[in-house]
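Engineer: Predicted structure and sequence below. I'll ask about it afterward.
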Amino acid sequence: MMKRLLPLITIAALLACAGPAPLSQQDWAIHDPDRPLPPVVDPGPPGPQVPPPGDAVVLFDGTDLSQWTDAKGEPARWKVEDGYMEVVAKTGAVKTVKSFGDCQLHVEWMAADPPRGEGQARSNSGVFLMDIYEVQVLDSYENTTYADGQAASLYGQFPPAVNACRPPGQWQSYDIVFRRPRFDQDGGLVSPARLTVFHNGIVVHDARELTGPTAHKARPPYKAHADRLPISLQDHGDPVRFRNIWVRDLE
Ligand code: MG
C-alpha cells in the first residue's frame with residue numbers, strides 16, 4: 001500500500017514546491033508590426049476636469065512642480081504655464097517626491113497641436129508606475145505605430161483594447177488602478193504587477209498582468225524592488241502637456 005502511495009506523495013510534494021504557475025507568455029513578439037491594431041472608438045469631447053477626491057494626494061494642481069523632482073532628485077525643470085506642465089526636452093523624466101505602491105492614479109495629458117513627427121516620434125511620453133511600469137503616452141490619433149506601443153498600451157506588452165485617442169490639442173485622461181508585484185524574501189515573484197486602465201473613460205486594460213518591467217525591444221523578467229517607489233513621467237523629447245494629476249493610496 002505504502003509503495004503505491006509514495007509516487008503520488010512525491011508528485012504532490014514536487015507540485016507544492018514548484019511555487020506559482022509560470023506567467024502566460026506573450027503570443028506576439030515585442031513591437032510586432034503584424035500585431036492587429038485595436039479598433040478606434042470615439043470617446044467624445046473632453047469634459048470638465050475630474051476633481052481630486054478628499055483622500056487623494058494631489059501631485060499637480062496646475063501651479064507648481066513641488067511634488068516632483070528630476071531623475072537625480074534635483075528640482076524638476078519642466079515648464080509650468082496656464083495650469084499645465086510641459087515636457088522640456090533633454091531635462092529628463094520627472095518623478096514624484098513621494099513613493100507609492102498599490103494606487104489609483106488620475107492623469108490628464110495633451111498631445112502637441114499641430115502634430116509633429118510620425119509613429120513613436122509623435123507626442124511620445126509615458127506614465128511610469130513605480131518608475132518601472134509604463135502606460136504609454138502617444139498621439140495615436142490618425143497616427144499608426146506598432147500595437148504594443150500606441151497610446152494607453154502597456155509598453156511592449158499589451159495594446160489597449162481600443163484606440164480611444166482624442167485629437168491633438170484636446171485634453172485626455174488616464175485612470176489607472178495599479179497593483180504592484182509581490183516578491184518573497186528571496187526576491188522570487190509571488191504575484192505580477194496588475195493594471196486596470198481607462199483612457200478617456202473607456203476601459204482599455206482590465207486587471208492585466210505584466211510579464212515584467214516594460215522596456216524597448218525587450219521583455220525583461222521581474223527583479224525584486226521596494227514596495228513603494230516614485231511615479232514618473234517620461235521625457236521622450238516631445239512637448240507633451242500634463243495637468244490635474246492625483247493619486248489615491250491603496251496600500
Ligand atoms: Mg513613452
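Structural biologist: All right, it came through fine.
Engineer: mind listing what residue 98 touches?
Structural biologist: Residues counted as contacts of residue 98 (Cβ atoms under 8 Å, 6 or more residues apart in numbering) are 57, 67, 230. Glycine gets a C-beta too; all of them are placed from N, C-alpha and C.
Engineer: what's the second one in contact with, if anything?
Structural biologist: To tie it back to what came earlier, the one meant is residue 67. By Cβ under 8 Å, 6+ apart, the contact list for residue 67 reads 57-60, 96-98.
Engineer: Equivalent analysis for residue 111, please.
Structural biologist: By Cβ under 8 Å, 6+ apart, residue 111 lies in contact with 122-123, 138-139, 141, 168-169, 172, 240.
Engineer: if you set the cut-off to 6 Å instead, what comes out?
Structural biologist: Contacts for residue 111 (Cβ atoms under 6 Å, 6 or more residues apart in numbering) come out as 123, 139, 168.
Engineer: Tell me the pLDDT of residue 69.
Structural biologist: We note a pLDDT of 98 for residue 69 in this prediction.
Engineer: and the contacts of residue 111 as a markdown table, adding secondary structure?
Structural biologist: Compiled in a markdown table, the contacts of residue 111 are given as follows (DSSP: H, G, I helix; E, B strand; the rest coil):
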| residue | secondary structure |
| --- | --- |
| 123 | coil |
| 139 | coil |
| 168 | coil |
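Engineer: The residue of the stretch 1-150 of the chain at minimum distance from the ion: which element?
Structural biologist: Here the stretch 1-150 of the chain gets closest to the ion at one residue, residue 126, 3.3 Å apart by Cβ to the ion. If you go by DSSP states H and E, residue 126 is part of strand 125-129.
Engineer: Can you tell me how far residue 196 is from residue 170?
Structural biologist: According to Cβ to Cβ, to the nearest Å, residue 196 stands 23 Å off from residue 170.
Engineer: let me redo that: residue 31
Structural biologist: With Cβ to Cβ as the criterion, residue 31 and residue 170 are 27 Å apart.
Engineer: tell me which parts of the chain are close to the ion?
Structural biologist: Proximity of the chain to the ion (Cβ under 5 Å from the ion) is limited to residues 124, 126, 136, 234.
Engineer: at 6 Å instead, please
Structural biologist: Within reach of the ion by Cβ under 6 Å from the ion, the chain has these residues: 124-126, 136-137, 234, 236.
Engineer: Which PyMOL command selects the buried ones in those residues?
Structural biologist: Typed into PyMOL, the line below selects the buried ones among the residues of the chain next to the ion, using 16 or more other Cβ atoms under 10 Å:
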select buried, resi 124+125+126+136+137+234+236
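Engineer: Of the residues of the chain next to the ion, which pair is most distant in space?
Structural biologist: Using Cβ to Cβ, the residues of the chain next to the ion span at most 9.8 Å, a distance reached by 136 and 236.
Engineer: Walking through the stretch 1-150 of the chain, point out its strands one by one.
Structural biologist: 57-60, 68-70, 79-81, 84-86, 94-96, 103-110, 125-129, 133-137 (DSSP state E, counting those that start in this stretch).
Engineer: Counting neighbours, what do you get for residue 75?
Structural biologist: For residue 75, the count of nearby residues is 10 (other Cβ atoms under 10 Å).
Engineer: Please name the residues that touch residue 59.
Structural biologist: Each residue near residue 59 by Cβ under 6 Å, 6+ apart is listed here: 67, 96, 245.
Engineer: so where do the helices sit in the protein?
Structural biologist: 2-17 (DSSP state H).
Engineer: what stretches of it score poorly on pLDDT?
Structural biologist: For the chain, the stretches flagged by pLDDT under 70 are 1-25.
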